[in-house]
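J.: Got a predicted structure plus its sequence, pasted below:
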Amino acid sequence: MAVKPPVMRALSRSLSLRLRQAPRPSSPCSSKQLRTYSNEPTKARLNGSVDYSSTPLLNHISQSCLANPELPQHVRQSKTKRINLFQAINEAMRHALQTDERVLVFGEDVQFGGVFRCTMGLAQDFGNERVFNTPLSEQGLVGFAIGAASEGMRPIAEIQFADYVFPAFDQLINECAKVRYRAGDTGMDCGGVVVRMPSGGVGHGALYHSQSPEALFTHVPGLRVVIPRSPVQAKGLLLAAIASNDPVIFMEPKILYRAAVEQVPIGSYTLPLDRAEILKPGSDLTIVSYGTPLYTCQAAIEAAEKDFRCSVELIDLRTIYPWDRATVLESVEKTGRAIVVHESMMNAGVGAEIAATIQEQAFLRLSAPVKRVAGWATHTGLVYEKFIIPDVTRVYDAIKQSLDY
Amino acid sequence: MSLRYGTRIILRRRGLYAPAYVNTSQSPLLARSWQRWSSVAASPASERVLFPGALNSKFTNALEFTRPSATEAIPTYRVMDQYGVVIDEHSGVDTTDEEALKLYSHMVTLSIMDLIMFEAQRQGRLSFYMVSAGEEGITVGSASALNPSDVVFAQYRETGVFIQRGFTLDQFMNQLFSNCKDGGKGRNMPVHYGSRQLNIHTISSTLATQIPHSAGAAYALKLQNLQRPDLPPRISCCYFGEGAASEGDFHGALNIAATRACPVIFVCRNNGFAISTPTADQYRGDGIASRGAGYGIQTIRVDGNDIFAVRKAIKEARRRALEDGGKPILVEAMAYRVGHHSTSDDSYAYRQKVEVEDWKRRDNPITRLRKWLEDRGLWDENKEKELRGKARKEILIAFDKAEKEKKPALRHAFTDVWETLTEEQKAHMNELRSVIERYPEEYNTDEYEGGLDGLKIEDSK
Ligand SMILES: Cc1ncc(C[n+]2csc(CCOP(=O)(O)OP(=O)(O)O)c2C)c(N)n1
């Protein structure tokens, strides 16, 4: 080549000062990259205190994983393996593909493993007929899934980012959610559809790689909306979603793909699609959340329980709609205080529904108004994300305010 | 004139020939002539029937399906060959030496900025970057053939358009570092540039959404061209990848641009990949160019490594787009994506490194133009060194300046969502402020312009 590009090393040298070698990312919005170009305050005690390697929300040892009473007996006697969330998703699809020939896996860039590596190895192992790339059209590929499901298959469609599900909105809301109701006894049904999508903030996704649009889907009867918090949950909930005869929107908090690592049972198992889970019992206050903010809540609770000598119950909603109202109400009946935490914007968010339900059904038991800690009324501007998405401090402060009320 | 009305007249008179242009976009002028046609009687033994949906179709008794694979692929227009030799001296390159040198310098600047910023991302100094390697000729060349007042809609790999239109190195760096001088107020991911002054709409990550925008904008320009005949007429020009062309928005855009006869050039950069997805998984037709006919849109395929070919194609496309009151034109510019999709991608997970190296060696818009310049005695190794040294120095100066700037004021997290801040937003801003004030050690607001005071509502719209 006649034109010589400048040598990389020379370039590095000329990029004066502060040569901090960032890890080479292998997927968009890889979470490892995060901290290098945003300065965290050094004296912080609350913010930045989420530690995935020690959080009690993850099963760091096999025994704690297998102690889970929701797991079937034979699974509880089996072995576990330490994997992260994208590997757990991969395992779930692998089990499904292995055991059910109706299962298909497809989406943009799925064949080489997907931009978040969730489908790695599946095309090689199960063939291009069942695991394949689609053209770049969300409406096309979701409509395709609905058609395949309505003729008896169990398609798992991947949307590359939840932010890009909107071209498929019509297919999901006017078709997917309504096919069975519309058909009545004429017999049509697309229950086997699962639409997976990475969602939520990672610190630098800006407007179109950070959204958590679950509330847009919880406003639609007929869809199940599921958000797992961990590898164990992801595997069991995804397998349940694939087995479900209702269409499922399965949102995977993308920051957890690599950050959340735990012991996961090797075999196949499902977790209930209609039950919230109490992660930590408590007596003074109930926090309801799902997905990534659960880790934020856990860290806030640890600090608050120390500082305020209180006892906080933490509930993972898991299935965001239909949701387990009984578990939440029972908890609030006990504690008399509630906070709902989610990343997406507050107005008409999931928190609004939960707060309203608590207010309707447990009004007399409440010692404080139900609080919402959620994204502010704005978009996720790149450099503002850490101020917009709930952090440990805001949850800690909400606990304090609720207790002090 | 409404098509349905015209059709009804035709049906009443039975058995009419329709003129040949009916399936293409209609200008007012043509529409009038069609009306004239519709009043001419035709023989009942006509070989064509006026089904309203395909007025030109002749009858045939051959049971034949169209077989796209049996027709020859649309040719790729070139002005110079791989060695920079002009193929037809007679028609020439339609570019002055001075212009050619400028184009070359812009392409080189772009490629150097790409190298530096890619490396800077690897060092963790910015969150993201996308290079244009292999597509510099398409963006720089096409932009050079447009009028500066023409309106551009881009996807994200069109940095060359911004350079050609005069977006400054400071402007690039301010956006890339999301600092307080970034016109986008630090809200967008790197490379999502935009500029009203330069008539380039701000880039959105959502693929293909800009394609129908460009049709609508072209319609606005079409009407404005009529309303202000004293001003030079304008068109819009829309860029997108061959992957994005699979989106419904692409179809909707081309179709409405055709039915409303919008003066817009659709430029598809076909670089062979949409992240990992090769074109074989993206479509089975003859590229994107073959779709033009389906929408009744005049189309050309051009060699994207040949900046002169790109320029000539766009110049002619622009002329045609403004002809007869306006019409859309589709240009498919062929390239090979030499770089990774973005800094978040490692393309060796889905393609061979040798394939990329082969392509780099085989052909490249920058080397091709350099060969042409050298053959004309306009360029040599010294000039090359000088240009590269100067470009690099200027980029690094802008880089250093931009990296040192503060982030925009925190209130810009909330401004511009609605035209003015809502009551709810103000409450949220106060709540955020109160949390930061009560837990000062938990937040670092110093890196934002004005620190915590930058969140003041009085200063916001
Ligand atoms: C609606 C939507 N879906 C998916 C994506 C994720 N995505 C970003 S770039 C890309 C590939 C685009 O390929 P192409 O249009 O060919 O342009 P190129 O990157 O090759 O220049 C994909 C799938 C997106 N940004 N928007």
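T.: Great, that's in hand.

J.: For the stretch 301-450 of chain B, which segments are assigned as helices?
T.: For the stretch 301-450 of chain B, applying DSSP state H, counting those that start in this stretch gives helices covering B:307-322, B:353-362, B:365-375, B:381-404, B:423-438.

J.: Quick check: which helices or strands does the second one pack against?
T.: The reference is to helix B:353-362. If you count contacts as 3 or more CB pairs under 8 Å, 6 or more residues apart in numbering or on different chains; DSSP states H and E, helix B:353-362 packs onto no helix or strand. Bear in mind the C-beta positions are built from the backbone N, C-alpha and C, glycine included.

J.: For it, give the mean pLDDT please.
T.: Per-residue pLDDT values across helix B:353-362 average out to 93.

J.: can you map out the strands along chain A?
T.: According to DSSP state E, chain A carries its strands in the segments A:80-84, A:103-107, A:131-133, A:154-158, A:194-199, A:224-226, A:248-253, A:261-265, A:277-280, A:285-289, A:312-316, A:319-321, A:338-345, A:371-375.

J.: Quick check: the residue of the stretch 251-400 of chain A nearest the ligand.
T.: A:Lys254 (13.0 Å; CB to the nearest ligand atom).

J.: Quickly list what the nearest residue to that residue once chain neighbours are set aside is bridged to.
T.: Excluding the flanking residues, the one nearest A:Lys254 by CB to CB, 6 or more residues apart in numbering or on different chains is A:Pro198, at 3.7 Å. Per DSSP bridges, the residues bridged to A:Pro198 are A:Glu252.

J.: does A:Pro198 really touch A:Tyr257, like I thought?
T.: Yes - taking contacts as CB atoms under 8 Å, A:Pro198 lies within contact range of A:Tyr257: 7.1 Å.

J.: Please say which of the two ends up with more neighbours.
T.: Counted by other CB atoms under 10 Å in any protein chain shown, A:Pro198 and A:Tyr257 do not tie: A:Pro198 has more neighbours, with 29 against 25.

J.: Quick check: the more buried one vs B:Asn61, distance?
T.: To B:Asn61, A:Pro198 is 55 Å away according to CB to CB, to the nearest Å.

J.: domain assignment for chain A?
T.: If you go by automatic domain parsing, the domain ranges for chain A are A:62-265, A:277-404.

J.: List just the one of the ones you listed that sits closest to B:Gln82.
T.: B:Gln82 lies closest to domain A:62-265 among the domains of chain A, at 30.4 Å (CB to CB).

J.: ok, back up a step: spit out the residues that contact A:Pro198 and A:Tyr257 alike.
T.: Common neighbours of A:Pro198 and A:Tyr257, using CB atoms under 8 Å, 6 or more residues apart in numbering or on different chains, are A:Phe116.

J.: And the strands in the stretch 51-200 of chain B, which stretches?
T.: Ranges of strands within the stretch 51-200 of chain B are B:151-153, based on DSSP state E, counting those that start in this stretch.

J.: In it, which residue sits closest to the ligand?
T.: For the stretch 51-200 of chain B, CB to the nearest ligand atom, closest residue to the ligand: B:Arg157, 4.3 Å.

J.: Test my guess that that residue contacts B:Phe240.
T.: No - using CB under 8 Å as the test, B:Arg157 is too far from B:Phe240 to be in contact (9.6 Å).

J.: how about low-confidence regions in the stretch 301-450 of chain B?
T.: Along the stretch 301-450 of chain B, the model assigns pLDDT under 70 to no residue.

J.: Pull up the residues of it that are close to the ligand.
T.: Applying CB under 6 Å from any ligand atom, we find that the stretch 301-450 of chain B lies next to the ligand at B:Arg337, B:His341.

J.: May I have the residues that are in contact with the nearest residue to B:Trp359 once chain neighbours are set aside?
T.: The shortest distance from B:Trp359 to any non-neighbouring residue, by CB to CB, 6+ apart, is to B:Tyr336 (4.5 Å). Under the criterion of CB under 8 Å, 6+ apart, the contact partners of B:Tyr336 comprise B:Gly134, B:Asn271, B:Gly272, B:Trp359, B:Asp363.

J.: Would you show me how to pick out the buried ones of those residues in PyMOL?
T.: In PyMOL, a selection of the buried entries from the contacts of B:Tyr336 looks like this (16 or more other CB atoms under 10 Å in any protein chain shown):
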select buried, chain B and resi 134+271+272+359+363
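
J.: Which one of the contacts of B:Tyr336 is nearest to the ligand?
T.: Using CB to the nearest ligand atom, B:Asn271 comes nearest to the ligand of the contacts of B:Tyr336, at 4.8 Å.

J.: got the phi/psi numbers for the closest residue to B:Phe162 other than its chain neighbours?
T.: The shortest distance from B:Phe162 to any non-neighbouring residue, by CB to CB, 6+ apart, is to B:Tyr193 (5.4 Å). The phi/psi pair for B:Tyr193 (degrees, to the nearest 10) reads phi -80, psi 170.

J.: can you check A:Gly121 too?
T.: Per-residue torsions, A:Gly121: phi 80, psi -10 (degrees, to the nearest 10).

J.: Common neighbours of B:Arg157 and B:Phe240, please.
T.: In contact with both B:Arg157 and B:Phe240: B:Arg269, using CB under 8 Å, 6+ apart.

J.: how deep is the residue of the stretch 51-200 of chain B closest to the ligand tucked in, by neighbour count?
T.: The number of residues packed around B:Arg157, counting by other CB under 10 Å, is 27.

J.: I'd like the distance from it to B:Leu254, if you could.
T.: From B:Arg157 to B:Leu254 the distance is 20 Å (CB to CB).

J.: ditto for A:Thr99
T.: Taking CB to CB, one finds A:Thr99 at 44 Å from B:Leu254.

J.: With neighbour numbers in mind, choose between the two.
T.: A count of neighbours by other CB under 10 Å puts B:Leu254 above the other of A:Thr99 and B:Leu254, at 27 against 11.

J.: in the stretch 101-250 of chain A, which spans are helices?
T.: Using DSSP H, counting those that start in this stretch, helices in the stretch 101-250 of chain A cover A:122-126, A:138-150, A:169-170, A:179-183, A:214-217, A:231-243.

J.: Tell me the predicted confidence for the closest residue to chain A within chain B.
T.: Nearest residue of chain B to chain A (CB to the nearest CB) works out as B:Gly124 at 3.0 Å. With respect to pLDDT, B:Gly124 has a value of 96.

J.: how does chain B divide into domains?
T.: B:3-64, B:76-404, B:410-459.

J.: How about the longest helix along chain B and the ligand, any contact?
T.: Ranked by number of residues, the top helix in chain B under DSSP state H is helix B:97-122. No - Helix B:97-122 stays clear of the ligand (CB under 6 Å from any ligand atom), getting no nearer than 13.5 Å.

J.: burial count for the closest residue to the ligand within the stretch 351-461 of chain B?
T.: Going by CB to the nearest ligand atom, the ligand is nearest to B:Arg351 of the stretch 351-461 of chain B, at 12.6 Å. If you count neighbours by other CB under 10 Å, B:Arg351 ends up with 16.

J.: now do B:Asn255
T.: 17.

J.: Spell out the secondary structure type for it.
T.: For B:Asn255, the assignment made with DSSP: H, G, I helix; E, B strand; the rest coil gives helix.

J.: residue contacts, it?
T.: B:Asn255 makes contacts with B:Tyr295, as judged by CB under 8 Å, 6+ apart.

J.: Need the per-residue pLDDT for it.
T.: On the pLDDT scale, B:Asn255 is placed at 98.

J.: can you check the one 4 residues further on too?
T.: At B:Thr259, the pLDDT value in this model is 98.

J.: For it, give its distance to B:Tyr219.
T.: Separation of B:Thr259 from B:Tyr219 (CB to CB): 10 Å.

J.: Between these two, point out the one with more neighbours.
T.: B:Tyr219 (19 against 15).

J.: could you say which helix or strand contains the more buried one?
T.: Assigned by DSSP states H and E, B:Tyr219 belongs to helix B:210-227.
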